Structure formats: C-alpha cells, structure tokens
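*Asks:* task: produce atomic coordinates for the following.
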Amino acid sequence: MLRALMTQAAPRIPGRILVIDDDRSARLLLERVLVRAGHQVVLVDNAEQGLQAITQGGFDLLITDKNLPGTDGLEVLRQAREKQPTMQAILITGFPTAETRTHANDLGVFSYVTKPFGVHDILDICDAAIRARGTAR
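*Replies:* Below you'll find the predicted structure:
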C-alpha cells in the first residue's frame, strides 16, 4: 500500500526560486528545505534586490514576504508580473488579512501562505507551483 502511495506522488521538478524575506531565519529555512529538494535558490533580504534579480530573469517561482521594509511584497508581486508574467508567485505573511489575500489573488499568486508554515507544506506548494508553470509554458 505504501509503495502505491509513493508511486502516485507527482515527480519533483527542480526549479529556480527567488526568496525575498527580511527575516534571516525564514530565508535560511526556505533555502535549506528547497535546496535539499533539488531546487536552485537565490536569497535576498529586500524588495529592491529582489526586483533587480527578477529583471535579470530566469526564475520559475518567487516567494516573497508581504511585510518588507520599504516596498512591500504586494508591490513586488505587481512589478514581478510586469517583468516575468509567467513566473509563479507565493506570498507569505505572518499577519494575514482578508484584504491582503484578495489583493494577492488579484495579482495572480499561486498560493497565499501564513506563518508559521510547515516545511512539508511549503515544499508541496512550491513543487505544485513549478509544475503548474511547466504546464502553462
């Protein structure tokens, strides 16, 4: 039975992921989990560096915190959509609101994740987002 469940799981597709979060521990946790899963991860701690990285291109997935110093994560998502419209995006926040969720959905996020999140949950979400991007190409 376990073998059957294991064969039903979708295969992991390695992706190139940009993580923008001013919380060092959150960045390092995401890096550790995603790299172990076979993804290439670029970490930045502010919106400006993140937008600069997005301009250079090549990311399958953007994970951004909502509350960043200066430019917030929602504005990052808006600008990211202009620069890389096919890139999937995940918005994470420790302070969820209905308004933020609605705005994030309007910006086309793949998922809206609240902190604290489980590492297996975030990995599953990232894998699904990368698979979805692959089928949309």
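
*Asks:* give me every residue that touches P116.
*Replies:* Listed by C-beta atoms under 8 Å, 6 or more residues apart in numbering, the contact partners of P116 are G94. Yep, even glycine has a C-beta here, placed from its N, CA and C like the rest.

*Asks:* ok, now the one 3 residues further on?
*Replies:* With contact set as C-beta under 8 Å, 6+ apart, V119 has these partners: 29, 33.

*Asks:* let's number from 744 now, not from 1
*Replies:* Done: numbering now begins at 744, and the last item shifts to V862.

*Asks:* how close does it get to L805?
*Replies:* For V862, the distance to L805 (C-beta to C-beta, to the nearest Å) stands at 19 Å.

*Asks:* can you check V852 too?
*Replies:* Taking C-beta to C-beta as the measure, V852 falls 9 Å from L805.

*Asks:* list the residues that contact both of the two?
*Replies:* Shared contacts of V852 and L805 (C-beta under 8 Å, 6+ apart): 820, 832-833.

*Asks:* out of these, which are inside helices?
*Replies:* Of the shared contacts of V852 and L805, the ones assigned to helices by DSSP state H are L820.

*Asks:* now tabulate the shared contacts of V852 and L805 in JSON lines and tack on distance to N789 and neighbour count.
*Replies:* Listed next are the shared contacts of V852 and L805 as JSON lines, based on distance: C-beta to C-beta, whole Å; neighbours: other C-beta atoms under 10 Å:
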{"residue": "L820", "distance to N789": "15", "neighbour count": "21"}
{"residue": "A832", "distance to N789": "17", "neighbour count": "24"}
{"residue": "I833", "distance to N789": "18", "neighbour count": "22"}
